[in-house]
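Q: Next one to model:
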Amino acid sequence: MKQGSLRSSAYAVLTAFIWGTAFVAQSVGAEHVPPLAFNAARSVIAFVFLLVLCAVMRSGRRRKGQAASVTRSRKDLLLGGFWCGLTLGLASFLQQKGLDTTSPGKAGFITALYIVLVPIFGIFLKKRVPKAVWVSVLLA
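A: Numbers count the residues shown, from 1 in each chain. As a prediction, the model looks like this:
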């Protein structure tokens, strides 16, 4: 097995582990904090982390002599960021609110349904989906 393939698989497993255990943390948090407060705290932590990450990446690009920013249009960046943020915020709130009434396992299962729904929605966008994906959808 190639080194890069092994590393990619390890990262996928690590991501799934973190993602799966997050539902338990969210469930425990839901017992003590309202959904909006929980998501606000989570978002602030993510914001600080991303701010540091952006500064490190910008510094690295400057050292290599590359442009500090890779965005083409500030308007597109702000518009896309607004809609993505709004969608993510609404989805996070609904997910956290749902954890008030169900178990972390059920919430994780329902959230994972997007894996099945993406190829189905792709039909409406006239995207070609490989046969292996449809087999996987049927198995799921």
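
Q: Tell me the confidence at the residue nearest the centre of the chain?
A: By C-alpha atoms, centre = their mean, the mean C-alpha position of the chain lies nearest to residue 88, the distance being 8.4 Å. For residue 88, the model assigns a pLDDT of 90.

Q: Enumerate the positions of stretch 126-140 that are buried.
A: By neighbour count on 16 or more other C-beta atoms under 10 Å, the buried set for stretch 126-140 is empty. Backbone N, C-alpha and C define where each C-beta goes, glycine included.

Q: what does the average pLDDT come to for it?
A: 85.

Q: From start to finish, how long is it in a straight line?
A: One end of stretch 126-140 to the other measures 22 Å (C-alpha to C-alpha, to the nearest Å).

Q: Pass me the low-pLDDT residue ranges in the protein, would you?
A: For the chain, applying pLDDT under 70 flags the ranges 1-3, 67-71.

Q: Can you give the domain ranges for it?
A: Domain assignment for the chain, taken from automatic domain parsing, gives 3-102, 103-140.

Q: Helices of the protein, residue ranges please.
A: 3-32, 35-63, 74-98, 104-112, 114-124, 131-139 (DSSP state H).

Q: which residues touch residue 15?
A: Under the criterion of C-beta atoms under 8 Å, 6 or more residues apart in numbering, the contact list for residue 15 is empty.

Q: what's the distance between it and residue 129?
A: Distance from residue 15 to residue 129, counting by C-beta to C-beta, to the nearest Å: 23 Å.

Q: same thing with residue 35?
A: On the measure of C-beta to C-beta, residue 35 and residue 129 end up 34 Å apart.

Q: again with residue 38
A: Counting by C-beta to C-beta, the gap from residue 38 to residue 129 is 36 Å.

Q: and if you look at residue 26?
A: For residue 26, the distance to residue 129 - C-beta to C-beta - is 31 Å.

Q: do residue 88 as well
A: Counting by C-beta to C-beta, the gap from residue 88 to residue 129 is 25 Å.

Q: how about the residue sitting furthest away from the middle of the chain, phi and psi?
A: Each residue of the chain has a distance to the centre, and by C-alpha atoms, centre = their mean the biggest one is for residue 65: 31.1 Å. Per-residue torsions, residue 65: phi 80, psi 10 (degrees, to the nearest 10).
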